[in-house]
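[1] for reference, the sequence and a predicted model appear below.
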Amino acid sequence: MKRFFTSVTISVTFSILLILGLGFDGDLRRGDLSIISTAHAQTTTQTTNCSLVTLKGSYGYTATGTIPNVGDFTAVGILTSDGKGVLSGTDTASASNGVIEKRTFTGSYTIKADCTGSLVLQIVSPVFSGQAKADAAIDDEGSELRAIQTAPPGGAVITIFARKV
């Protein structure tokens, strides 16, 4: 009976560890129960080395925040970067003051080796036009971009999350 419970306990423990994505580094028959994380083993030597090319491609994005005298703001769209510092895109923007509009933009970007950088956009639309600047960070080896608007001044707080499509 004791052997039965020991076998059941080992089977249940092994099943739970497989579900959690962990593996054994040893031999269960010898009682070696050293556990290693598979994800940790695969990412121990990852380095940061970004450039303009890291941001090459099309990204779906959401921009959200608040604009003084307008209220809540959100936009959803696609931005495309050429890997040489030039970007363009389109989106649909909506604000709590009732304005909903389609916009286009062009701009430039810089990326440092540490995967941080900046964006400068020239936005064209009937209401939300003008230049916008943002500080950015690239994540997940270039498949994600996160940014926060830094200009124009005046209290607008806009954040951007973009994922490669």
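    On my side now, so go ahead.
[2] any weak-confidence spans in the protein?
    Per-residue confidence for the chain (pLDDT under 70) gives these ranges: 1-47.
[3] separation between the residue most central in space within the chain and residue 65?
    With distances taken as CA atoms, centre = their mean, residue 144 lies nearest the centre of the chain, 3.4 Å away. Using CB to CB, to the nearest Å, one gets 18 Å for the distance from residue 144 to residue 65. In this view, the C-beta of every residue, glycine as well, is placed from N, C-alpha and C.
[4] quick one on the thing from earlier: name all residues that make contact with the residue nearest to the centre of the chain.
    138, 161, 162, 163, 164 (CB atoms under 8 Å, 6 or more residues apart in numbering).
[5] tell me the contacts of the second one?
    When contacts are counted by CB under 8 Å, 6+ apart, residue 161 is found next to 61, 62, 144, 145, 146.
[6] between those, which is nearest residue 103?
    Nearest to residue 103 among the contacts of residue 161, counting by CB to CB, is residue 61 at 12.4 Å.
[7] what's in contact with stretch 124-131?
    Contacts of stretch 124-131 (CB under 8 Å, 6+ apart): 93, 95, 99, 101-105, 120-123, 151-152.
[8] hmm, which of the residues you listed are the buried ones?
    Taking 16 or more other CB atoms under 10 Å as the criterion, what is buried in those is 93, 95, 103, 105, 121, 123.
[9] I'd say the second one and residue 65 touch.
    No. Contact criterion CB atoms under 8 Å: residue 95 and residue 65 do not qualify, at 10.2 Å.
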